[in-house]
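> Model the following, please.
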Amino acid sequence: MMTMNSKTVVLTLLCAAIGCDRSNAASGNGLAKSGRAAQVVSANPAAPKVTRIVFVGKERACDCTRKTVDAGWAALQKALGAPAKLPVEKLQVDTEADKVAPYRQQKPLMALPALYFLDGQSTVVELLQGEVTAEQIAGILQPKGAAPRADR
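Numbering: from 1, shown residues only. Purely as a prediction, here's the structure:
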C-alpha cells in the first residue's frame with residue numbers, strides 16, 4: 001500500500017514525464033503542464049458538498065498555458081451555467097501567490113488551471129487541474145450515484 005508521500009512522488013514523476021512548461025520551470029514555480037487529461041485529487045471518497053470554487057490561472061503565461069487556462073475557464077462557466085450556481089473566486093498563481101497559498105497547502109497544484117472545490121469550512125474537497133472539461137467539473141459537482149439535479 002502506498003503512503004501519502006510515495007503517492008506524491010509518483011504523481012510528481014508522472015507530471016514530469018508528461019512534460020513541463022519551460023517558462024514555468026525557468027521561473028521556479030514548479031508547475032507542470034498537463035498532458036491530455038485533467039488530474040483529479042480527491043480528499044475523501046464521500047466528499048462533502050461543494051459550496052464554492054477557486055479557479056487558479058496565470059496572469060503572465062505562455063501561449064500554450066494561456067490556451068489551457070482559458071479553455072478551463074470556459075469549461076467551468078459551461079458547467080456552472082448562467083447565472084453561476086456556485087460562487088467562483090478567480091486567482092492568478094504568479095501575481096496572487098499569497099491568496100493561492102492556503103489552497104496549495106491543502107492540496108499542491110502541479111498543472112494549470114487548477115480548480116479547487118471547497119466545502120463550507122473552506123476545506124478543499126476536490127482538486128481538478130490541467131486540461132479540464134465541463135463534464136469533469138459537473139461530475140465533481142454531482143458525484144456518481146447522486147440524483148440528477150432538476151435545474152440542469
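
> What residues sit buried inside the lengthiest helix in the chain?
Using DSSP state H to define each element, the chain has its longest helix at helix 63-80. By neighbour count on 16 or more other CB atoms under 10 Å, the buried set for helix 63-80 is 65, 68-69, 72-73, 75-76, 79-80. All C-beta spots, glycine's among them, are computed from the backbone N, C-alpha and C.

> so where's the chain shaky on pLDDT?
By pLDDT under 70, the weakly predicted segments of the chain are 1-47, 143-152.

> in this protein, which spans are helices?
Taking DSSP H as the criterion, the chain carries its helices at 4-18, 22-27, 63-80, 97-106, 134-141.

> From the contact counts, what lies against the third one?
Contact partners of helix 63-80 among helices and strands, from 3 or more CB pairs under 8 Å, 6 or more residues apart in numbering; DSSP states H and E: strand 52-57, strand 88-92, helix 134-141.

> Any chance of the buried residues of helix 63-80 in TSV with distance to residue 119 as columns?
Below are the buried residues of helix 63-80 laid out as TSV (distance: CB to CB, whole Å):
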residue	distance to residue 119
65	29
68	27
69	25
72	21
73	22
75	22
76	18
79	18
80	17
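
> and which of those residues is nearest residue 127?
Nearest to residue 127 among these: residue 72, at 12.7 Å, using CB to CB.

> dump the residue contacts of that closest one.
Residues near residue 72 by CB atoms under 8 Å, 6 or more residues apart in numbering: 55, 57, 112-113, 115, 131-132.
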